[in-house]
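Asker: got a predicted model here, sequence first, then my questions.
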Amino acid sequence: MARMRSWIMALAVAALAACGGGGGSTGSTSAPSDGSTNGAAPGGGTGSAPTMGTLRVSLTDNPACGYDNVWVTIEKVRVHRDSSAGDGDAGWVDLPLPQPQPLPTPLPSQAPTQLPAPQSLRVDLLTLTNGTLVPLGQVQLPAGIYTQMRLVLAENTGSNPLANAVKPTGAAIVPLTTPSAQQSGLKMNLDITVPAGQEVDFAIDFDACKSIVKAGKSGKILLKPVLTVLPIVSQAGQRIQGWLHPSLATAGATVSVQARGQVVRATPPMVDSGGNLKFELFPVPVGSYSLVVTASGYATAIVTEVPSHANVSTTVNSAAFPILPPVSGAQEVSGTVSIGVGPNNTVDTGGLVRALQLLSGGPTIEIASDNARSDDGFYEMALPIGAPVKAPYVAGASSLLFTSDAAVAGSYRLAATIARSIEVQFADIVLGATPVQQDFHFGTAPAGQLIQGWLDPSLAVRGTSVSVQVNGVIVRSVPPLPDGSGKFVLYPVPIGTYDLVLKTADRATALVTGVPSAAGSSTAINSDAFPINPLGSPRLAVAGQVTVGATAVDTGGIVRALQTFGLLGPTVEVASDNARAADGIYSMLLPTGAPFRAPYVAGAAMLDFVAAPGTAGRYRLSATVARSTEVKTADIVLDKDPLAQDFHFVAP
């Protein structure tokens with residue numbers, strides 16, 4: 001048994017290392033906007049240890065769909081220690097923006113005729129490709145954890161009507177209709193640590209393609225910003241590069257890295273100094289990806305298992321052997337997204353339709369997507385008819401060996417979502433000689449027994465779950481919506497009052513108490529302007545074996561990790577695992593940091609979370625087996641090391 005315990009602990013440590021532990025990324029430093037220094041001496045103080053750090057922020061973009069230019073004018077970038085801080089609260093730290101460059105002479109046709117105010121910075125997002133970053137400034141600020149960042153955009157005014165504007169390909173410049181939230185800033189909840197005496201880098205990924213929604217007949221184009229904050233660990237790493245055939249230069253080629261069919265980073269290629277068509281993706285979070293090449297008039301090319309390293313770049317191929325997908329025709333796919341019935345059931349659905357292709361033996365990749373127009377719900381895409389080609393990544397290889405996946409030629413799965421529902425509708429289509437029309441109709445959102453809210457979008461792809469519980473028993477649990485918005489919808493939830501529990505990797509547990517589910521009305525937890533974003537927390541492995549009598553085989557064992565908030569509770573389930581049928585082994589990763597709780601307040605746009613420090617790392621493990629009513633428990637405290645806890649039941 002001692003040998004088995006050592007093996008279990010080795011497994012737990014390996015799992016912890018693979019999944020990562022610890023809190024958020026790094027952070028920044030500078031004097032707060034109210035002029036105080038929060039007790040820290042400017043420039044690092046005079047003591048033996050520096051008390052200031054430096055935060056550097058840049059802006060980058062994924063390519064946009066069918067636009068030549070997308071301009072936004074940035075007035076301010078701000079950070080705060082408190083994720084719930086309001087616009088007028090003290091303690092904000094503003095990053096001084098670089099001064100804007102003069103506009104080119106002569107001015108492009110219909111370009112703005114005057115510069116924004118000197119304090120603002122006007123950027124064409126579509127120039128921020130192939131690893132290009134535009135600095136948004138850097139600042140010294142007190143070392144510590146910062147949990148909120150805001151990006152403040154300028155308004156389009158009579159004197160500067162095109163501060164935020166877009167130029168569709170082949171059309172005139174159109175002002176962007178921007179959200180009202182731009183006045184106080186587009187909020188990004190964070191968990192970044194600014195170490196004393198160090199510099200940390202972050203990039204705001206402003207996804208122009210996903211952020212632009214056409215209004216259809218009105219001619220308006222709406223800006224609904226999709227923002228992600230990416231840590232930059234090293235300028236040398238987090239970089240994936242390679243070369244495409246020069247013939248793709250005029251085909252609107254796009255190169256993306258994807259995980260589980262979700263685009264993580266994307267860029268068009270550009271001609272390098274040697275006349276070759278090169279692509280470069282930066283920063284790419286450390287991990288393994290499918291690299292996808294799409295271009296008009298060509299089939300799709302995929303390179304699987306492409307790594308992104310922290311400190312070294314990844315080269316996919318060489319300029320001598322550029323990627324050249326086979327020529328392929330395309331077919332149009334279009335339709336409408338609607339909700340419920342009535343004359344306005346296609347208006348402002350927040351619909352998104354993605355075209356996925358399920359390759360033989362995997363992976364699933366996204367080929368194209370389109371936002372449903374805000375006034376009539378219309379979407380459209382052109383998809384390749386020809387078979388995609390696939391090659392495995394080989395480190396150091398100058399050329400790639402692509403093979404055709406003829407079995408999936410012209411076959412796609414359309415996935416549609418809307419803003420106000422957890423539902424995902426699918427339609428499998430096969431392209432032929434005529435265009436495909438595929439509509440998606442969603443039923444009217446239910447009036448009652450529905451609980452919804454918003455998480456920070458960065459949590460939407462991290463194994464996150466939101467559950468409602470009673471006395472530590474899960475009644476209903478869902479992941480966030482697959483559209484990347486961070487929204488969650490629980491339905492149907494039996495009428496009653498619940499504890500709502502948020503669990504996600506590398507973050508502390510978040511709890512909202514007293515959440516009602518009513519028969520005739522839905523319950524909103526918070527708002528998209530103030531999404532839930534728990535602080536980072538290390539995790540430690542808890543593992544062991546469940547046995548019944550002399551055997552660990554087919555015990556039907558379940559081990560649950562419960563956490564009680566103070567003397568009066570509540571108690572909630574944080575994790576659980578089924579004991580393996582073959583050997584009875586279970587394992588879990590549990591946060592060691594203090595969980596956070598907030599009471600539900602009807603109509604509140606923002607929740608007031610407070611840490612429960614006395615609960616940090618303290619859990620009660622509860623074990624059951626299939627052939628017994630007995631419940632065995634073990635109280636544990638996680639500190640620095642993984643923990644082994646076995647459960648033995650007497651044979652019935």
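Answerer: Good, I have the coordinates. Computed from a prediction, not measured in an experiment: that's the story for all the values here.
Asker: for Glu573, name its beta-bridge partners.
Answerer: Bridge pairing for Glu573 (DSSP bridges) gives the partners Leu562.
Asker: for it, list the residues it contacts.
Answerer: Counting by C-beta atoms under 8 Å, 6 or more residues apart in numbering, Glu573 touches 467, 469, 472-474, 501, 560-562. For every residue, glycine as well, the C-beta is placed using N, CA and C.
Asker: SS state for Gly86?
Answerer: Look at Gly86: counting by DSSP: H, G, I helix; E, B strand; the rest coil, its state is coil.
Asker: need the contacts of Glu573 in TSV with secondary structure and pLDDT, can you?
Answerer: Below are the contacts of Glu573 laid out as TSV (DSSP: H, G, I helix; E, B strand; the rest coil; pLDDT from 0 to 100):
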residue	secondary structure	pLDDT
Ser467	strand	96
Gln469	strand	96
Gly472	coil	94
Val473	strand	94
Ile474	strand	95
Val501	strand	97
Arg560	strand	96
Ala561	strand	97
Leu562	strand	97
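Asker: dump the residues you listed to JSON lines, plus distance to Val306 and neighbour count.
Answerer: As requested, the contacts of Glu573 are exported to JSON lines (distance: C-beta to C-beta, whole Å; neighbours: other C-beta atoms under 10 Å):
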{"residue": "Ser467", "distance to Val306": "35", "neighbour count": "20"}
{"residue": "Gln469", "distance to Val306": "40", "neighbour count": "20"}
{"residue": "Gly472", "distance to Val306": "42", "neighbour count": "19"}
{"residue": "Val473", "distance to Val306": "43", "neighbour count": "12"}
{"residue": "Ile474", "distance to Val306": "37", "neighbour count": "15"}
{"residue": "Val501", "distance to Val306": "36", "neighbour count": "25"}
{"residue": "Arg560", "distance to Val306": "38", "neighbour count": "21"}
{"residue": "Ala561", "distance to Val306": "35", "neighbour count": "21"}
{"residue": "Leu562", "distance to Val306": "41", "neighbour count": "19"}
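Asker: of those, closest to Pro322?
Answerer: Pro322 has its nearest neighbour among the contacts of Glu573 in Ser467, at 48.6 Å by C-beta to C-beta.
Asker: touching, that closest one and Phe488? I think so.
Answerer: No: using C-beta atoms under 8 Å, Ser467 makes no contact with Phe488, being 9.9 Å away.
Asker: so what sits against both of these two?
Answerer: Residues touching both Ser467 and Phe488 (C-beta under 8 Å, 6+ apart) are Val478.
Asker: now the closest residue to Ala372 other than its chain neighbours: how far from Ala415?
Answerer: Among residues not flanking Ala372 along the chain, Gly351 sits closest, at 3.2 Å (C-beta to C-beta, 6 or more residues apart in numbering). Counting by C-beta to C-beta, to the nearest Å, the gap from Gly351 to Ala415 is 11 Å.
Asker: who has more neighbours, the two?
Answerer: More crowded of Gly351 and Ala415, by other C-beta atoms under 10 Å: Gly351, with 27 against 21.
Asker: who touches the more buried one in this structure?
Answerer: Contacts of Gly351 by C-beta under 8 Å, 6+ apart are 337, 371-372, 377, 379, 416-419, 440.
Asker: would you mark the buried spots in stretch 497-505?
Answerer: 498-504 (16 or more other C-beta atoms under 10 Å).
Asker: swap in stretch 361-371?
Answerer: By 16+ other C-beta under 10 Å, the buried positions in stretch 361-371 come out as 363, 365-371.
Asker: what do you get for stretch 627-647?
Answerer: For stretch 627-647, burial by neighbour count (16+ other C-beta under 10 Å) applies to 632, 634, 638, 642-647.
Asker: for Glu332, list each beta-bridge partner.
Answerer: Beta-bridge partners for Glu332, by DSSP bridges, are Ala382.
Asker: what is the burial count for it?
Answerer: Using other C-beta under 10 Å, Glu332 is surrounded by 13 other residues.
Asker: hmm, Ile385 and it touching each other?
Answerer: No: applying C-beta under 8 Å as the test, Glu332 and Ile385 come out as separate, 11.0 Å apart.
Asker: quick one on the thing from earlier: min pLDDT across the contacts of Gly351, which one?
Answerer: Within these, the minimum per-residue pLDDT falls on Ala419 (75).
Asker: what does the domain assignment say about the chain?
Answerer: Split into domains by automatic domain parsing, the chain comes to 1-22+447-652, 26-232, 234-445.
Asker: the first one: how far from the chain's middle?
Answerer: Translated: domain 1-22+447-652. Distance of domain 1-22+447-652 from the chain centroid (C-alpha atoms, centre = their mean, to the nearest Å) equals 21 Å.
Asker: please pull out the lowest mean pLDDT helix or strand from this protein.
Answerer: Within the chain, no helix or strand scores below strand 25-26, which has a mean of 31 by mean pLDDT, DSSP states H and E.
Asker: joint contacts of Glu332 and Ile385?
Answerer: When C-beta under 8 Å, 6+ apart defines a contact, no residue borders Glu332 and Ile385 alike.
Asker: circling back: quick one: pLDDT of the residue nearest to Ala372?
Answerer: For Gly351, the pLDDT comes out at 88.
Asker: what's the answer for Thr300, then?
Answerer: As predicted, Thr300 sits at a pLDDT of 98.
Asker: check the gap between the residue lying closest to it once chain neighbours are set aside and Val436 for me.
Answerer: Excluding the flanking residues, the one nearest Thr300 by C-beta to C-beta, 6+ apart is Pro388, at 4.2 Å. Pro388 sits 18 Å away from Val436, going by C-beta to C-beta.
Asker: find the nearest non-adjacent residue to the most centrally placed residue in the chain, please.
Answerer: Nearest to the centroid of the C-alpha atoms of the chain, with distances taken as C-alpha atoms, centre = their mean, sits Ser458, at 3.3 Å. Of all residues not flanking Ser458 in the chain, Thr228 sits nearest, at 6.2 Å (C-beta to C-beta, 6+ apart).
Asker: same question, Thr157
Answerer: Nearest non-adjacent residue to Thr157, counting by C-beta to C-beta, 6+ apart: Ala163, 7.2 Å away.
Asker: measure the one you found to Ala154 for me?
Answerer: Taking C-beta to C-beta, one finds Ala163 at 5 Å from Ala154.
Asker: neighbour count winner among those two?
Answerer: When Ala163 and Ala154 are compared for neighbours, Ala163 comes out ahead with 25 against 22, by other C-beta under 10 Å.
Asker: residues contacting the more buried one?
Answerer: The contact partners of Ala163, by C-beta under 8 Å, 6+ apart, come to 71-73, 112, 116, 120, 122, 153-157.
Asker: and it, which of the three is it?
Answerer: Here Ala163 is recorded as coil under three-state DSSP.
Asker: tell me, what's the model's pLDDT at it?
Answerer: Ala163 is assigned 89 on the pLDDT scale.
Asker: can you give me the neighbour number for Pro195?
Answerer: 16.
Asker: give me the distance between it and Tyr146.
Answerer: For Pro195, the distance to Tyr146 - C-beta to C-beta - is 12 Å.
Asker: what's the answer for Ala395, then?
Answerer: Counting by C-beta to C-beta, the gap from Ala395 to Tyr146 is 37 Å.
Asker: check the burial of Gly242 by counting its neighbours.
Answerer: Using other C-beta under 10 Å, Gly242 has 26 neighbouring residues.
Asker: and the furthest pair within the buried residues of stretch 627-647?
Answerer: Lys632 and Pro642, at 20.3 Å, using C-beta to C-beta across these.
Asker: can you name the residues that contact the residue nearest to Val72 when sequence neighbours are not counted?
Answerer: Leaving aside its chain neighbours, Val72 sits nearest to Asn164 (5.1 Å; criterion: C-beta to C-beta, 6+ apart). By C-beta under 8 Å, 6+ apart, the residues touching Asn164 are 71-73, 153-154, 156, 175-176, 178, 223.
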